[in-house]
Structure formats: C-alpha cells, structure tokens
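Could you look at this predicted model? Sequence included:
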Amino acid sequence: SDNAAKILGCRPEQLTTDLSESQFFVHPEDSRQIWNEFQKAASNRATNFSFEFRGNDDRFWQTHFLIVYDSQGNPLKSIGVTQNITERKRYEENLQTANYRFRIAEEAAKGFNYDWNLETGKVIRSESIQHVIGYTREEMRDSWDAWTDLIHPEDLLIASEKEAVELLEKSEEETFSGEYRVKHKDGHYIWLMERGLIIRDRNNKIKRVIGQTMDVTERKEQEERLRLSEERYRALAEASAQVVWSMDAEGRGDSHLHWFARLVGKSTAEVKEVGYLEFIHPEDREFLQATWRQVWQKPQPYEVEFR
C-alpha cells in the first residue's frame with residue numbers, strides 16, 4: 001500500500017508481493033532467515049507467527065503473519081502487520097549495555113547491589129553476590145533474614161526485620177553505612193562495607209531501601225596488621241631504656257612525648273609547653289639544631305651525641 005511505502009521509505013512500485021524478494025528493505029543477514037521461517041511455519045501449518053528483522057537503513061521491524069490455508073491444508077495467502085520497533089530495540093540495546101557495564105563495575109569493586117521493598121518484604125540482590133559471598137542469587141532467599149542469618153553474631157546488632165524498619169523510620173538521615181562480618185559459603189568470615197539509601201513517599205513513609213555491599217576484607221586485614229605492628233612497636237618502646245621520638249628542625253613535635261618526659265623526670269605537660277630543646281644542655285643546642293636542619297634538608301640516617 002501507499003502507506004507501507006511511506007513507512008518503509010520507498011516508492012509503491014518498489015514493494016514486491018514475493019516475500020523472498022524483499023531484500024530491498026530487509027538487511028541481507030536477515031532476509032534469508034525470514035523466508036526460511038515463513039516456509040517452516042507454512043510446512044507446519046502454523047496459522048500465525050511473528051519475527052523481528054533489521055532494515056537496510058538500520059531500523060528495526062516486527063512482523064506478525066496470519067497464514068490462510070485451503071481445504072487441503074495448502075497455504076493460500078498470508079496477512080501481515082509490520083511495525084517499526086527501532087526505538088524499543090535501541091532501548092533494549094542500551095539497557096543491555098548499561099547492565100553489562102554495571103556488572104563489570106560490581107565485579108571490579110568486589111560488591112553487589114540490593115533493593116529491599118518494605119511493602120512486599122522482598123530483597124532483590126544482584127547476580128554479583130556470588131563473587132562476594134559464594135552464594136548465587138538463586139540460593140539466597142529473597143528475605144531480610146536470609147542475609148542477617150549470615151552476619152557474625154558479634155556484629156548482629158538488630159534482632160529482627162521489624163526492629164530494623166523501626167530504626168530506619170526513626171532516622172532523619174537519607175543514607176546509612178556500616179561494616180560487619182558475613183559468613184562466606186566456604187565457611188570463613190569476610191568483612192563487608194554496606195552503604196544504603198532510604199527512599200520515602202510523600203508522607204515520609206519508607207517504601208524501599210537500595211544499597212551496595214562491598215568486600216573490604218583485604219583493607220580490614222591490612223588495618224589489623226598495622227594495629228598489631230603498632231602495638232608491638234609501642235610495647236618495645238615502653239620496655240626500652242631508650243626514647244623513640246620525632247620532631248622538626250626547630251625541635252617541635254609531640255610524638256611519644258610521654259617517654260621523653262619520663263626520661264627527663266618531667267610531666268608530659270611541662271615538656272609539651274617548653275619543647276624538647278629546653279631540656280638539652282645549652283652548649284649542645286645550636287649544634288643539635290644544625291644537625292637536625294641538615295638532615296631535614298637532605299634526609300639520611302644520622303647519629304649524634306648530646307647532653
């Protein structure tokens with residue numbers, strides 16, 4: 001029809017009645033497949049079928065066919081409706097690309113996202129949860145307590161879903177965050193950091209909570225190693241007759257001040273008020289300051305004796 005030619009962007013005389021000769025507006029890669037699908041439907045005596053295809057101008061189309069047969073079951077004719085679905089296909093492609101990029105970002109960050117619908121009580125978690133705790137999304141129940149059952153007993157501060165909702169309702173903040181341990185499918189505990197956004201309706205009633213949970217085990221282990229190292233260092237310094245300290249070229253600084261105060265028999269407040277140099281012999285101060293300035297300008301190990 002003239003309207004079909006207008007939609008397809010061609011002249012009416014270019015339209016063919018032979019489906020197998022429709023290459024003028026069907027993408028070459030889809031043309032043969034369309035004809036094969038039509039023949040397959042007819043041989044199976046299907047009364048209707050549909051398919052999607054690309055046009056030569058990069059537009060997308062969808063056709064619905066109704067096949068009419070004679071009394072012997074031979075196809076007499078087909079009636080079809082074709083519509084432009086380019087906008088929908090573009091949206092689907094963009095959505096698919098966005099979802100792919102989102103999954104890549106989740107996996108790179110060692111995290112997953114969740115959506116907690118307080119009206120239904122269901123929690124939808126992204127597929128990346130498997131990369132974090134070992135359980136697939138299908139293995140996890142879509143409930144609040146399915147997650148809290150995995151939290152370390154020492155870190156579980158909220159006893160029930162009802163209590164969690166009450167705390168959220170009392171909060172005046174729109175976001176929240178926290179760190180806690182969760183039991184991995186393999187049996188060991190990992191550290192997670194959770195950030196959430198509270199979504200309310202016009203009446204300030206909470207409707208949903210969406211958030212992201214990330215694996216921070218490596219950072220927490222580094223922090224623990226650093227803490228233990230500092231404790232050992234502090235214990236060694238406390239037990240030593242020496243003083244471990246740091247200061248600038250002018251003798252200012254309060255690192256390990258209490259040790260120096262104990263060494264010179266003064267209070268920490270007295271040492272902090274007047275500075276280290278006041279406790280150095282007057283004849284050694286200028287020499288010591290010059291040494292400090294030299295090292296300050298050109299950092300290197302040094303050794304100096306003074307009174």
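That came in fine, so what should we check first? Numbering: from 1, shown residues only.

Name the spans of the stretch 51-200 of the chain whose pLDDT lies under the cut-off.
56, 94-109 (pLDDT under 70).

let's see it at 50
By pLDDT under 50, the stretch 51-200 of the chain contains no weakly predicted segment.

need the strands for it, in chain order.
60-69, 75-84, 111-117, 123-125, 175-183, 189-200 (DSSP state E, counting those that start in this stretch).

Turn these into JSON lines, including distance to Asp284 and mean neighbour count.
For every residue, glycine as well, the C-beta is placed using N, CA and C. Compiled in JSON lines, those are given as follows (distance: least, C-beta to C-beta, whole Å; neighbours: other C-beta atoms under 10 Å):
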{"stretch": "strand 60-69", "distance to Asp284": "87", "mean neighbour count": "16"}
{"stretch": "strand 75-84", "distance to Asp284": "91", "mean neighbour count": "13"}
{"stretch": "strand 111-117", "distance to Asp284": "57", "mean neighbour count": "20"}
{"stretch": "strand 123-125", "distance to Asp284": "67", "mean neighbour count": "18"}
{"stretch": "strand 175-183", "distance to Asp284": "50", "mean neighbour count": "15"}
{"stretch": "strand 189-200", "distance to Asp284": "50", "mean neighbour count": "17"}
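
wait, which of the ones you listed is closest to His258?
Among the strands of the stretch 51-200 of the chain, the nearest to His258 by C-beta to C-beta is strand 175-183 (31.5 Å).

Quick one: residues in contact with the closest one.
133, 147, 150-152, 154-156, 168, 189-198, 216, 220 (C-beta atoms under 8 Å, 6 or more residues apart in numbering).

and if we set it to 6 Å?
150-152, 155, 189, 191-197 (C-beta atoms under 6 Å, 6 or more residues apart in numbering).

Kindly report the same for stretch 113-133.
By C-beta under 6 Å, 6+ apart, stretch 113-133 touches 106-107, 112, 136-137, 142, 144, 184, 206, 208-212, 215.

which one of the strands of the stretch 51-200 of the chain lies closest to Val264?
Using C-beta to C-beta, those put strand 175-183 closest to Val264, at 42.2 Å.

Tell me how far that closest one lies from the chain's centre.
14 Å (C-alpha atoms, centre = their mean, to the nearest Å).

Same question for stretch 124-135.
11 Å.

Report the distance from stretch 262-274 to the chain centre.
With C-alpha atoms, centre = their mean, you get 51 Å for stretch 262-274.
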